[in-house]
Every structure is written in C-alpha cells, then in structure tokens.
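*Asks:* predicted model and sequence follow; I will ask about them next.
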Amino acid sequence: MEYDRDAVGDQIIGKLDILDLTGPIQAHNPPMESSLIRAAQYVRASTEHQQYSIENQSLAIESYATAHNMQVVQTYTDEGKSGLTLQNRKGLRQLLHDVENRDAQFSIILVYDVSRWGRFQDVDESAYYEYRCKRAKTEIHYCAEQFANDGSISSALLKALKRTMAGEFSRELSAKVFAGKCRLVERGFRQGGTAGYGFRRLLVDREGNKKGLLKPGEHKCIFTDRVVLVPGPAKEVELVHEIYRQFVEEHKSISAITDELNQRGVANERGGLWTRAMVLGLLTNPKYIGVNVTNRTSTKLKAKSVVNPPEMWVRRDGAFQPLISAEIFNKAQEEFALACRRYTDEEMLKLLKQLLSRSGKLNATIIDNAVGVPCARLYHTRFGGLLEAYRRIGYVPMQDFSYRAVGRAIQVRHEAWMTTVVAALQGVGASVHREPDTDLVTINEGLRVRFRTVRCCRSVSTEYKWLFRFDSAPCDITVSARLGPHNDAVLDYFIVPSLESVPNQLYSGASNSLLNVYRFGDLSVLETLVRRNRLTEKP
C-alpha cells in the first residue's frame, strides 16, 4: 500500500500544533495488560494546600484505579489554576478536545472529587463539561466521593449538591478574604500592588515595628508581617508636586504632562517611559494624601471588573504620610472632572466660538492649550474634522485647505483605477493578488507591480509639474498614472522597471526628460508583458 507522505506529515504537524496550543500533557506508557481498563486522570490544584496537592490526588486516584482493575495511561494537569472558569485550564481543555475528537486512548476519566472538576458558579456549567465527555462515550469517576457516578437518581442528586457546595465554598472564601482585606486596610496596612511613584513599601511586624524597605518584586516572608507606604526619595516627591502644579495651576493636559516627562528623560517608577495612564493614576489616587483605600473596583470570582461608587470604597484616612495637601488633590479632581465632562455639540461649538473671539484665530494648538475647551481631537472626532467645526461657527481660516479635498478625491480616483486595472489583467488570464491597504500587486505569483497616481502641482513660476517617486518597497515595475492640470483625468502612464536606476524627480513634460522613455498612452504594453510572463513560467 502506498502512502501520501505529505498528507501524513500534515496530520502529524496538526496534532503537534494542537498539543502546543492547549497545554502540557504527561503521557505514561507503561506496559499494558489486556485485562486492565485504560483510564486517564485529571488533577487540579489552585493553591499549595496539602489536602488537594497534585501528589495526594494522584495517589488516591492510583489506589482507586488498582481497586477497580484500571490503569492510568495519561495525565491531564492544571496546577495553580482556579476552578472557577475553563479559560485558563489548559489541561481540562485538552482533555475535552481529545475526548471529543476521538484522540483519546482511554474510556474512563478519573477525578479526585467533584470540586477538582471545578468550582463553577453555575452548576449547569460543570454538568455541561461532564455531559460532553459522556456524549463521547467516556465515563467520569470521582474517586474520593461516597457515591458512584452511575447515572442513578441518588447519584444525580448528590452530584448537584456537591457542585453547589463547591461553588458556594468559593463564594464564602471570597467573602472571608475580602472581609479580612478590608480590616487590614482600615488598620492602615497596604494590600498588594506597587507602591507608586514617590512612595516606597516599608515592611513592619505585627506590632508596627519597622523591619526594612521592600525592593520592587520582593514580598514579605512571614504571614503576620504587614506593609505600609512611606515617602520615597526627595527627587520623586518633588516631581509629584510638580505634576500636580502643572495640572492644577498651569492647566496642562495629562497628555502634555506625559510628553514633557518623556522629553526630559524622566523615568517612571519602573525605569521606563511615562504613559498617560500612569500620570492619570498619580493625579487621582487618594494615597497621595495619605488615604489607604480599596474596593474602588471589584473583580470577584473571575467576573467582569466593575467600578464602584465612592460610598462603597473601604478607606482609612491618615494611614500614610501624605505627599501633597488635600486642597491641591481636591482641585486636581475638579480639574479632572471638568476635562472628562461630556459636552453636547452645541456646548462644544459655543466654547469654540468664545475661544475664537478671544484669540482671533483657531488651530489645533490654540484649542489644545485653551483652558476649559475640549481638545482638538474631540472636535475632529465629533464633527468629522476641524474644518467642519470651523464651518459651523462661521470661521474661515486664512490658510487654504482645499488641497485636502483634492487629496481625498485623488485617493478615490486611485482606488477606482486600481480596481479597473486588476479587472483588466484578470481579463487576459492573469492571476492577480493585491496586498491589503497597499498599492503592490503580485501578478501570476511572481511579477510584483506597484501602482501610483501622480498629482499635478503648480510651481512658483506657474509651471505645471509632477513629482515622481521610485523609492518605495521592493517591486519589479512601477506604474504611475499622471493626472492632468486639474487632477480630474489621466493624461498618460509611465512604466518604469526597477532594474533602471531612475531617481525621484520633478517632471514638467520637457522633451529632454529621462522619464519620456517610459511614457505610454495606455497600459496595453503591461497586458502584453503579463501574457509573456504567464507563458514563460508555464512552458
């Protein structure tokens, strides 16, 4: 029998790709006895608790397998993974994939107990994943449970109860952890996260005695130790004051402050560049006035994060030494609320008109630097461009922006021309592939052609000229369509092979121009070239 080696290779690569994407699997290949039932084990531990360690689960499963004439031939592991969702559990996802795609070399799945299968908050989700295995003719045995998973009424009731208990355990544990965290916050202790620019983390014992500063990435090693925030180097504290002063007194935008910090080469707390989010956090976090706060956002039990109102925050005033005064912080919050205000179109246009009366003219820089006026980007987004916003308030800028409308019209004309050319080449039997969002076209899987539209421009001497560019990405031929004086129609075409060293140049139509050698009245020569290329590649 002859085998298709390429097909077999593709199947092997496909299987390897699946294994690589879905997570680690430890295969056991001990000598098998025909009388033993082939089984796989699934083990999961979300923490290092001894009760549910991977080793303990494996030992219990092995004992169960021996007592029931089974042999574990494959292991699926999720170590350090929560059982609340399926998303990050590569072992379970791989198990479901193998079972449903008939890649499994076993007929039974052994799990320590119902909670190891998962602590899903919806008990139907846990049952759904078990049903997917049963539908694929693969049974699940819970080795440490006091009931047999045999489909009986008692089994179904006990499983539903166990699944509910597993989910309830996570909810209760989450509530206890949150309550403990809130108590520590109210006592003034920092609960996780980086210190923030201008602060340092100080390790203290249970009595509040100082033990030393923690470096970035370091954690406490004694359970009863706590962490508080203390002011950092004087240089950082001074910069915090400067940022607040720029935002409150000089009315600089967050983006402008960020750009200035990076231009000055000032590193953030991690030694890298500042981002807008970092500056925003520095200006809005209450820790800079000494307030220890938590529950500003909630992400419980892997649910979607939500922003909580201030009345739900858990806070302790005076927990840390403040870096700025409460008065300046409150002014910063007022400034930030004003910057984030949702303006109506009428309000934006009114503010723009008032700015025009004060400054006498408008541009993006004037708008961005104006106090109490939305940024130029917002005007561009809301009205489809600054020119449209200007038009609505009756302002005509001195600069002529008509070239923008001409540019848009040329782009539309270029796209229509490209569509026509591609259709014409396909009409003569050529295969044509255009790269997305570019002007590079590959013909017959070999010939690379770049298409350009060259607009007409008037020089100082009122002479019409065209700028030809040939410094684009690598290609075999550059085809340029030259537009007329009004940029509304094609005059002729210039077909230039890349083998010719033709520099970028301004073309005026003079008879002695080097470009005239490549000038054509239509693209019939290109169609002929394509036909030849097609014949030479297929003798």
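*Replies:* Structure received. Residues are numbered from 1 along each chain as shown.
*Asks:* and L59, how close does it get to E139?
*Replies:* Separation of L59 from E139 (CB to CB, to the nearest Å): 21 Å. No exception for glycine: its C-beta is placed from N, CA and C like everyone else's.
*Asks:* which one's more surrounded, these two?
*Replies:* When L59 and E139 are compared for neighbours, E139 comes out ahead with 16 against 12, by other CB atoms under 10 Å.
*Asks:* show me what contacts the more buried one?
*Replies:* Contact analysis of E139 by CB atoms under 8 Å, 6 or more residues apart in numbering lists 107-109, 133, 149.
*Asks:* possible to save these as a markdown table with neighbour count?
*Replies:* Converted to a markdown table, the contacts of E139 look like this (neighbours: other CB atoms under 10 Å):
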| residue | neighbour count |
| --- | --- |
| S107 | 15 |
| I108 | 18 |
| I109 | 22 |
| C133 | 18 |
| N149 | 18 |
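*Asks:* inside helices: which ones of these?
*Replies:* Cross-referencing those against helices under DSSP state H gives C133.
*Asks:* V314: neighbour count?
*Replies:* V314 has 19 neighbours, counted by other CB under 10 Å.
*Asks:* that one and G281, how far apart?
*Replies:* For V314 relative to G281 (CB to CB), the value is 19 Å.
*Asks:* and for A481?
*Replies:* When distances are taken as CB to CB, A481 and G281 turn out to be 52 Å apart.
*Asks:* for those two, indicate the residue with more neighbours.
*Replies:* Using other CB under 10 Å as the criterion, A481 and G281 rank with A481 on top: 19 against 14.
*Asks:* what about the strands in the stretch 351-500 of the chain?
*Replies:* For the stretch 351-500 of the chain, the strands identified by DSSP state E, counting those that start in this stretch occupy 432-434, 440-443, 447-454, 456-458, 464-468, 477-483, 490-497, in order along the chain.
*Asks:* for the stretch 201-350 of the chain, just list every one of the strands.
*Replies:* Assignment of strands within the stretch 201-350 of the chain using DSSP E, counting those that start in this stretch yields the ranges 210-214, 226-231, 292-294, 297-298, 306-307, 314-316.
*Asks:* nearest residue to L158 in space, please, no chain neighbours.
*Replies:* F147 (4.7 Å; CB to CB, 6 or more residues apart in numbering).
*Asks:* kindly apply the preceding question to K300 instead.
*Replies:* That would be S174: by CB to CB, 6+ apart, it lies 5.6 Å from K300.
*Asks:* ok, now E236?
*Replies:* For E236, the nearest residue in space outside its immediate sequence neighbours is G198; the separation is 4.5 Å by CB to CB, 6+ apart.
*Asks:* got the contact list for that neighbour?
*Replies:* Residues touching G198, when contacts are defined by CB under 8 Å, 6+ apart, comprise 231-232, 236-237, 239-240, 282, 288, 323.
*Asks:* how about A510?
*Replies:* If a contact means CB under 8 Å, 6+ apart, then A510 has no contacts.
*Asks:* could you look up the SS state of R38?
*Replies:* When the structure is reduced to helix, strand and coil (DSSP: H, G, I helix; E, B strand; the rest coil), R38 reads as strand.
*Asks:* so it touches S107, yeah?
*Replies:* Yes. Checked against CB atoms under 8 Å, the pair R38 and S107 is within contact range at 6.3 Å.
*Asks:* now list whatever residues contact both of those two.
*Replies:* Overlap between the contact sets of R38 and S107, as judged by CB under 8 Å, 6+ apart, is nil.
*Asks:* residue ranges with poor pLDDT in the protein?
*Replies:* Across the chain, the stretches falling below the confidence threshold (pLDDT under 70) are 1-34, 48-51, 302, 399-407, 436-437, 458-462, 471-473, 532-539.
*Asks:* okay, now K176: neighbour count?
*Replies:* Residues within reach of K176, counting by other CB under 10 Å, total 10.
*Asks:* how about A364: what's its closest non-neighbour residue?
*Replies:* Once its chain neighbours are removed from consideration, A364 has its nearest residue in A376; the separation is 3.9 Å (CB to CB, 6+ apart).
*Asks:* list the contacts of the one you found.
*Replies:* For A376, the residues meeting the contact criterion (CB under 8 Å, 6+ apart) are 364, 367-368, 386.
*Asks:* also V293?
*Replies:* Applying CB under 8 Å, 6+ apart, we find V293 in contact with 185, 286-287, 313-316.
*Asks:* ok, it to K159 distance?
*Replies:* With the distance defined as CB to CB, V293 ends up 43 Å from K159.
*Asks:* and for N149?
*Replies:* In this view, N149 and K159 are 7 Å apart by CB to CB.
*Asks:* got the phi/psi numbers for S253?
*Replies:* As for S253, its main-chain torsions (degrees, to the nearest 10) stand at phi -70, psi 160.
*Asks:* quick check: V490 vs F451, distance?
*Replies:* Counting by CB to CB, the separation of V490 from F451 is 12 Å.
*Asks:* higher neighbour count, those two?
*Replies:* The neighbour count for V490 versus F451, taken as other CB under 10 Å, is higher for F451 (22 against 14).
*Asks:* what's the helix or strand for the residue nearest to K300?
*Replies:* With the criterion set as DSSP states H and E, the secondary-structure element containing S174 is helix 153-186.
*Asks:* can you pull the buried residues of that helix?
*Replies:* 158-159, 162-163, 166-167, 170, 181-182, 184-185 (16 or more other CB atoms under 10 Å).
*Asks:* which residue lies nearest the spatial centre of the chain?
*Replies:* In the chain, the C-alpha nearest the mean C-alpha coordinate belongs to A277, at 15.2 Å (CA atoms, centre = their mean).
*Asks:* ok, that residue - contacts?
*Replies:* When contacts are counted by CB under 8 Å, 6+ apart, A277 is found next to no other residue.
*Asks:* T47: how many residues sit nearby?
*Replies:* Counted with other CB under 10 Å, the burial measure for T47 works out to 10 neighbours.
*Asks:* repeat for T344
*Replies:* One way to gauge burial is a neighbour count; for T344, by other CB under 10 Å, it gives 9.
*Asks:* tell me how far it lies from R382.
*Replies:* Going from T344 to R382 by CB to CB gives 10 Å.
*Asks:* who touches both of those two?
*Replies:* Counting by CB under 8 Å, 6+ apart, T344 and R382 have no contacts in common.
*Asks:* show me the domain layout of this protein.
*Replies:* When the chain is parsed into structural domains using automatic domain parsing, the resulting residue ranges are 5-170, 199-338, 341-392, 404-537.
*Asks:* would you format those domains as CSV with distance to Q191 included?
*Replies:* Below are the domains of the chain laid out as CSV (distance: least, CB to CB, whole Å):
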stretch, distance to Q191
domain 5-170, 18
domain 199-338, 6
domain 341-392, 33
domain 404-537, 47
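*Asks:* among these, which is nearest M398?
*Replies:* Smallest distance to M398 across those (CB to CB): 7.4 Å, for domain 341-392.
*Asks:* for the closest one, how far is the first residue from the last?
*Replies:* Using CA to CA, to the nearest Å, the end-to-end distance of domain 341-392 comes to 22 Å.
*Asks:* so how far is it from its chain's centroid?
*Replies:* 31 Å (CA atoms, centre = their mean, to the nearest Å).
*Asks:* do stretch 515-524 as well
*Replies:* On CA atoms, centre = their mean, the centre of stretch 515-524 falls 47 Å from that of its chain.
*Asks:* all set, thanks.
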